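Student: with the input below, show me the fold.
(chains A and B)
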Amino acid sequence: MGQFIQFAINGLMSGAIYALIAVGIVSVYKATKVVNFAHGYLIMFGAYFYFTFAVIIPGMEGAPAWLASWKPAWMVEMREGLTMFSPLGAVLDWAANIPRIVFGLLGALFCNALLGLLVERTLMRPLMGQSVFAMIMVTVGLISILSGAASLIWTADAAFVPHIAPNTPIRFELFGTMIFLFGADIVNMIIALLIFGGIVAMVKFTKGGVAIRATAEDQSTAYSMGISVPKVFSRAWVLACTTGAVAGAILATRNGISPSLGLFGFSVLAIVLMGGLDSYVGCFIAAMSVGVLEAMTQWKLGGEWAEIVPYVAVLVVIIFRPHGLMGQKEVERI
Amino acid sequence: MINGNLKATYGADERVLNNRNKQAFVIISIALLAIFPLFADDYAVLMACKMGILLIAVVGVNVLTGYTGLVSLGHGAFVAIGAYATVILSNAFSGLPAGILPFIVVPLAVIISALIGIVVGLPSLRVKGLYLAVATLAASFIVKFLIEQDLLRIGPAALSGSTHLCRTC
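Tutor: Residues are numbered from 1 along each chain as shown, chains lettered A, B, ... in the order given. The predicted model follows:
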């Protein structure tokens, strides 16, 4: 029972990150009807931008010393006399990294937003009005371009980046067993859930969100009602890329950074299809359940079997519900 | 004056090489391919072989996606299944003379691949479009994973060639 709760909590935490990635794919699909196969690679770029701004630039010559490691006098004072592995020590370690974490996150958000604009402007906008299938195939081609460009710019070596939150181990007792968690994982989950909730609320309540939903409903009618459809397109791509940057930074802190981060996008694509392409709620349910199922598989069958869990889950769901858990049925006239 | 393609018989409509240019193209390329090994070096012949192998794989996708509209992104999985079935069957029938081995092994591998294709194709009875595309992608990831697990213990000699084919298709 105790093991079960431990793995269920681990699963919910990775499920939240799946949900954060899924929100990017769903947003682009809702606005433009394009399923972005390259989303995993956009996330990888976000992770590499975080790596650039949080590790490479502070480590360069000429960068101010406080950027690499912030050590005001009061912190040095507090640090003295601390024992090894004390929780306060972990918090202080994190505090010394705050400037480069903030710099890294801001840089990643900005650069990934620019990347999204670039992709939308140069690859998607010229194809507007053409068949959606052509646009989807362009995103498949984008996979090769992005993964090649990343290994050209940053080399294919794996590297590590600073955690976003203090990584203190947390132990507590629940139903008679010890639960063991890391502080950073909990903060990551909270960030992911907040962003997910924020985007769902934005699409539901703000004017820009209404424009996105109207464009999803019917492009030409939205055009004639005075909605600038190209603007909606670029907004959706920027939204997807910025959430992707945050997700990439989180993934990079969890597993280190390497070109294989891009493969993550495929399992999230399976999750999105499982939840239903145009439903935020369905994707949330699918992401959480896949996260938990993965953790359970890891527990019972071992880590390597966990990697096919999303694919098996999507196949099972699609056979019984062809449009995902909560996806809208397409009505077609033959 | 004749505008467009006017066809009077069904035979004319079904012909693949329906004009002189196409016929000439095919005949000349067959002739070029026939004399190709005489002047090409080993590397060029190897490349030509690989092109031919990929061509066989691509023809299948052409029929599936182009003619029936079922988008398949997991075609590499079947290439891998065929490759592995060939290797496993060759090991199983290794007593046979090398001359007739391929003529037994390759058709059997085709049958195995087709049977697995029926299983993978089951979702296509209910789903289409993007959902089917991702279902085939998922199936191919599962096949690739099962191959990497090496459940049949065929060993690393068989593992070298076929995984990168999975990625090219």
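Student: helices along the chain, start to end?
Tutor: Let's take chain A. All helices of chain A, identified by DSSP state H, fall at A:2-32, A:39-51, A:57-59, A:65-68, A:73-79, A:87-119, A:132-154, A:183-205, A:207-217, A:219-224, A:229-255, A:264-275, A:280-301, A:309-320.
Student: other chain: chain B
Tutor: When assigned using DSSP H, the helices of chain B occupy the ranges B:10-14, B:20-39, B:42-61, B:75-92, B:101-121, B:130-149, B:156-168.
Student: contacts only, for B:Lys128.
Tutor: By C-beta atoms under 8 Å, 6 or more residues apart in numbering or on different chains, the contact set of B:Lys128 is B:Gly69, B:Leu70. Placement of C-beta: from N, CA and C, glycine included.
Student: what about it, distance to B:Gly121?
Tutor: According to C-beta to C-beta, to the nearest Å, B:Lys128 stands 12 Å off from B:Gly121.
Student: just to revisit the earlier point, pick the most deeply packed of the helices of chain B.
Tutor: Neighbour counts (mean count of other C-beta atoms under 10 Å in any protein chain shown) averaged over each of those peak at helix B:130-149, with a mean of 22.
Student: show me what it is packed up against.
Tutor: On a contact count with 3 or more C-beta pairs under 8 Å, 6 or more residues apart in numbering or on different chains; DSSP states H and E, helix B:130-149 meets helix A:264-275, helix A:309-320, helix B:75-92, helix B:101-121, helix B:156-168.
Student: how about the residues of chain A by chain B?
Tutor: Contacts of chain A with chain B, taken as C-beta under 8 Å from any C-beta of the partner chain, map to A:35, A:133, A:136, A:266, A:269-270, A:273, A:277, A:304, A:307-308, A:310-312, A:314-315, A:318-319, A:322-324.
Student: would you show me how to pick out the buried ones of those residues in PyMOL?
Tutor: The buried residues among these can be selected in PyMOL (16 or more other C-beta atoms under 10 Å in any protein chain shown) with this line:
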select buried, chain A and resi 35+136+266+269+270+273+277+307+308+310+311+312+314+315+318+322+323+324
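Student: check the closest residue to chain B within chain A and give its pLDDT.
Tutor: Going by C-beta to the nearest C-beta, chain B is nearest to A:Tyr311 of chain A, at 3.6 Å. We note a pLDDT of 90 for A:Tyr311 in this prediction.
Student: got it, and B:Gly161?
Tutor: On pLDDT, B:Gly161 comes in at 42.
Student: repeat for B:Leu152
Tutor: Per-residue confidence (pLDDT) for B:Leu152: 65.
Student: out of the helices of chain B, which gets nearest to A:Met288?
Tutor: Closest to A:Met288 of those, according to C-beta to C-beta: helix B:130-149, at 19.0 Å.
Student: CA atoms only: put the closest one into CSV for me.
Tutor: Only the C-alpha atoms of helix B:130-149 are listed here, as CSV (Å, rounded to 0.1, in the frame of the first residue of the first chain):
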residue,chain,number,x,y,z
LEU,B,130,-4.8,11.5,-37.7
TYR,B,131,-6.0,9.1,-35.1
LEU,B,132,-5.0,6.3,-37.4
ALA,B,133,-1.6,7.9,-38.1
VAL,B,134,-0.8,8.1,-34.4
ALA,B,135,-2.1,4.6,-33.9
THR,B,136,0.3,3.2,-36.5
LEU,B,137,3.1,5.3,-35.0
ALA,B,138,2.3,3.8,-31.6
ALA,B,139,2.2,0.3,-33.0
SER,B,140,5.6,0.9,-34.6
PHE,B,141,7.1,2.1,-31.3
ILE,B,142,5.7,-1.0,-29.6
VAL,B,143,7.2,-3.3,-32.2
LYS,B,144,10.6,-1.5,-32.0
PHE,B,145,10.5,-1.8,-28.2
LEU,B,146,9.7,-5.6,-28.4
ILE,B,147,12.5,-6.1,-30.8
GLU,B,148,14.9,-4.3,-28.6
GLN,B,149,13.9,-6.5,-25.7
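Student: and for it, what are the contacting residues?
Tutor: Residues from elsewhere that reach helix B:130-149, judged by C-beta under 8 Å, 6+ apart: A:35, A:136, A:266, A:269-270, A:273, A:277, A:304, A:307-308, A:310-312, A:314-315, A:318, A:322-324, B:70-77, B:80-81, B:84, B:116, B:120, B:123-124, B:127, B:162-163, B:166.
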